[in-house]
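**Q** Okay, here's the prediction I keep looking at, along with the sequence it came from:
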Amino acid sequence: EPEVTQTPSHQVTQMGQEVILRCVPISNHLYFYWYRQILGQKVEFLVSFYNNEISEKSEIFDDQFSVERPDGSNFTLKIRSTKLEDSAMYFCASSSKEVAESSYEQYFGPGTRLTVT
Amino acid sequence: DAKTTQPNSMESNEEEPVHLPCNHSTISGTDYIHWYRQLPSQGPEYVIHGLTSNVNNRMASLAIAEDRKSSTLILHRATLRDAAVYYCILRDAYSGAGSYQLTFGKGTKLSVIP
């Protein structure tokens, strides 16, 4: 069964450093997402991406964040200058648009645990 | 997105059915009811969704009230692997043309007792 993969599984970085989190969505999917979950809190939407551009973003997704689909398979989230409060699990997800019926379920990856020290 | 209300936690014995309720009294006519779950230390996982009629799939059943103001996710035989946080989420089918954010609440933490 196809699945979303994410690397690395755990990233430790120092405050102020740049990090890039990587995701490989399911191959025929068209919509890509990033969410984050701070320990013990709710899963929060960050950004959605379609047709090589951002389609929606939350207030969390400020100028320190960017997303890119550098090739036909990878989808990345970059945090330009990490802060302590960026420590969280980051989940990538993808979905397809099916013609016949609204079947917009999202498939999530296992997540990258980002620890900012 | 319209708001949903779920119990914070529930318990079930292994191999017994589980009924997880969700109230969504402000649901609109074009809102789909989606259920996701999150197993410990994993990403959320799609379970099932529906609009008006009851739905079954290999994982669960979804029973939707006639007035659509509530729904119930049914796990027919709970296993230890079903211990997770279950999220009931409403999504407008006509918003975003397929690109949409999921708004997660706190969900219901299901514990399964061996």
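**A** Thanks, I have it. Numbers count the residues shown, from 1 in each chain, chains lettered A, B, ... in the order given.
**Q** quick one: A:Val19 and B:Ser9, what's the gap?
**A** A:Val19 sits at a distance of 34 Å from B:Ser9 (criterion: CB to CB, to the nearest Å). All C-beta atoms are positioned from the backbone trio N, CA, C, and that covers glycine.
**Q** wait, B:Arg77
**A** Between B:Arg77 and B:Ser9 the distance, using CB to CB, works out to 20 Å.
**Q** ok, back up a step: and A:Val19 and B:Ser9? Which one has more around it.
**A** Using other CB atoms under 10 Å in any protein chain shown as the criterion, A:Val19 and B:Ser9 rank with A:Val19 on top: 19 against 12.
**Q** what separates the more buried one from A:Lys57, distance-wise?
**A** According to CB to CB, A:Val19 and A:Lys57 sit 18 Å apart.
**Q** So the residue nearest the centre of chain A, which state does it fall into?
**A** Computing the C-alpha centroid of chain A and ranking residues by CA atoms, centre = their mean puts A:Trp34 first, at 2.7 Å. The three-state label for A:Trp34, taken from DSSP: H, G, I helix; E, B strand; the rest coil, comes out as strand.
**Q** list the buried ones in the one helix or strand in chain A whose mean pLDDT sits lowest?
**A** For chain A, the helix or strand with the lowest mean confidence is strand A:53-57, at a mean of 91 (criterion: mean pLDDT, DSSP states H and E). Residues A:55-57 are the ones in strand A:53-57 that count as buried (16 or more other CB atoms under 10 Å in any protein chain shown).
**Q** same question, stretch A:78-98
**A** When neighbours are counted by 16+ other CB under 10 Å, the buried residues of stretch A:78-98 are found to be A:79, A:82, A:86-96.
**Q** How many residues are close by A:Thr13?
**A** Using other CB under 10 Å, A:Thr13 has 16 neighbouring residues.
**Q** thought it was touching A:Val116?
**A** Yes. Judged on CB atoms under 8 Å, A:Thr13 makes contact with A:Val116 at a distance of 5.8 Å.
**Q** Close to chain B: what parts of chain A are there?
**A** If contact is defined as CB under 8 Å from any CB of the partner chain, the residues of chain A in contact with chain B are A:4, A:30-31, A:33, A:35, A:42-45, A:48, A:50, A:55-56, A:58, A:91, A:93, A:95, A:97, A:102-111.
**Q** Mind checking which of those residues land in strands?
**A** Per DSSP state E, strands hold the following members of those: A:31, A:33, A:35, A:43-45, A:48, A:50, A:55-56, A:91, A:93, A:95, A:107-108.
**Q** What residues are bridge-paired with the residue positioned nearest the centre of chain B?
**A** Centrality entry for chain B: nearest residue to the mean C-alpha point is B:Trp35, 3.0 Å, by CA atoms, centre = their mean. With DSSP bridges as the criterion, B:Trp35 is bridged to B:Ile48, B:Cys88.
**Q** Please consider this matter closed, and thank you.
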